[in-house]
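Novice: give me a 3D structure for the following:
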Amino acid sequence: MTLAASLKHQIKESLKAHLKEHKEQLKEHIKARIEEQVQANLRSWMEPRAESKTDARDTDARASEVKGRILDVARDQFMRLGFNSVTMDEIAAESGVSKKTLYQYFPSKDALVSEVARANMEKCNAELRAILRDSESSPTMRLRRMMDYVAGIYGELSVSLVHDMRRCAPAIWQEVEAGRQRLIEEDFSALLKEGRAKGDFRKDIDTPVFLLIYAEVVRHVLNPATFGRLKIAPTRIFEATCKVLFEGLLTEKAREEYHETP
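Specialist: Below you'll find the model as predicted:
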């Protein structure tokens with residue numbers, strides 16, 4: 001091979017090697033750019049979604065706050081004035097929302113009344129269960145705390161509310177009655193058994209019979225019809241019921257503790 005031919009061959013091979021190296025570098029560069037673009041696209045796609053989720057959470061929180069405020073206002077007015085004398089306009093104004101917004105949450109006054117009653121019943125039952133299941137208190141103290149709590153509930157019942165519940169909302173009262181019955185059968189029953197075992201409650205009183213008597217008194221005496229017929233404050237009727245039923249249940253020692261409890 002002549003010198004010229006050899007030189008030509010070396011140049012050719014050198015160019016081929018250079019081109020190959022350049023081609024590999026170009027491929028790596030293109031690959032890196034593609035990956036960068038993909039990551040950028042992913043970020044741009046995810047960020048709006050994250051913002052959207054945050055916006056949705058904020059919207060849900062605001063909606064929950066508005067609904068809760070409406071329920072609180074409605075409960076306060078219903079307890080003081082009854083259902084019939086309170087208008088949706090008044091509830092909207094007191095809640096700080098438009099009437100249109102109020103109807104977005106509650107399509108009718110009946111729906112609002114039902115929601116208020118259900119929410120109030122669930123709250124009361126949950127708080128009563130917490131009292132009855134408080135293992136750090138004696139059965140006697142839990143009984144007294146339960147009586148005081150329920151007396152407070154009856155103390156909030158206005159004459160107008162009792163009248164309206166009796167005449168206009170019998171279905172709602174049936175729900176209240178069902179909730180009270182479950183509480184008696186489950187939690188109050190457990191308290192009686194524990195109190196008998198610990199010597200707070202008399203063992204000569206049959207628990208199932210006592211529960212039956214209490215359930216019937218609750219059903220037939222502590223209800224809007226009786227409150228309206230006797231024209232006596234619900235709190236007085238409840239306190240008389242407690243005196244007759246529960247003081248007879250207690251042992252002498254427990255009765256002293258019951259009356260000493262502030």
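Novice: what helix or strand is the residue lying closest to Tyr105 once chain neighbours are set aside located in?
Specialist: On the basis of C-beta to C-beta, 6 or more residues apart in numbering, the spatially nearest residue to Tyr105 that is not a chain neighbour turns out to be Lys67, at 5.2 Å. Heads up, the C-betas are built off the backbone N, CA and C, glycines and all. Here Lys67, judged by DSSP states H and E, is contained in helix 3-81.
Novice: okay, buried residues for whichever helix or strand comes after that helix please.
Specialist: The helix or strand immediately downstream of helix 3-81 is helix 88-95, counting by DSSP H and E. When neighbours are counted by 16 or more other C-beta atoms under 10 Å, the buried residues of helix 88-95 are found to be Ile91, Ala92, Glu94, Ser95.
Novice: can you report how many residues neighbour the residue nearest to Tyr105?
Specialist: 18 (other C-beta atoms under 10 Å).
Novice: thought Gln104 was touching it, still the case?
Specialist: No. Between Lys67 and Gln104 there is no contact, the gap being 9.7 Å when judged by C-beta atoms under 8 Å.
Novice: show me where the chain dips below the pLDDT cut-off.
Specialist: In the prediction, the chain carries residues with pLDDT under 70 at positions 1-27, 29, 32, 38-58, 166, 168, 261-262.
Novice: what does the domain assignment say about it?
Specialist: Here the domain assignment for the chain is 14-91, 116-260, based on automatic domain parsing.
Novice: among those, which is the most enclosed?
Specialist: Of the domains of the chain, the one with the most neighbours on average (mean count of other C-beta atoms under 10 Å) is domain 116-260, at a mean of 16.
Novice: distance between the ends of it?
Specialist: Looking at domain 116-260, the gap from its leading to its trailing residue is 36 Å under the measure C-alpha to C-alpha, to the nearest Å.
Novice: report the distance from it to the chain centre.
Specialist: If you compare the mean C-alpha spot of domain 116-260 with that of the full chain, they lie 22 Å apart, counting by C-alpha atoms, centre = their mean, to the nearest Å.
Novice: one step back: in JSON lines, list the domains of the chain along with distance to Asp110.
Specialist: Output for these, formatted as JSON lines (distance: least, C-beta to C-beta, whole Å):
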{"stretch": "domain 14-91", "distance to Asp110": "9"}
{"stretch": "domain 116-260", "distance to Asp110": "9"}
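Novice: nearest to Lys100, out of the ones you listed?
Specialist: Ranking the domains of the chain by proximity to Lys100 (C-beta to C-beta) places domain 14-91 first, at 10.9 Å.
Novice: right, and Leu245 touches Val217 too?
Specialist: Yes. Assessed by C-beta under 8 Å, Leu245 is found in contact with Val217 at 6.8 Å.
Novice: ranges for the helices of the stretch 101-250 of the chain?
Specialist: Under the criterion DSSP state H, counting those that start in this stretch, the stretch 101-250 of the chain contains helices at 109-132, 139-155, 159-168, 170-183, 189-197, 207-220, 224-230, 234-249.
Novice: residues contacting the third one, please?
Specialist: By that I understand helix 159-168. 78-85, 172-173, 224-225, 227-228, 234 (C-beta atoms under 8 Å, 6 or more residues apart in numbering).
Novice: how about Leu81: what's its closest non-neighbour residue?
Specialist: For Leu81, the closest residue by C-beta to C-beta, 6+ apart turns out to be Ser160, at 5.6 Å.
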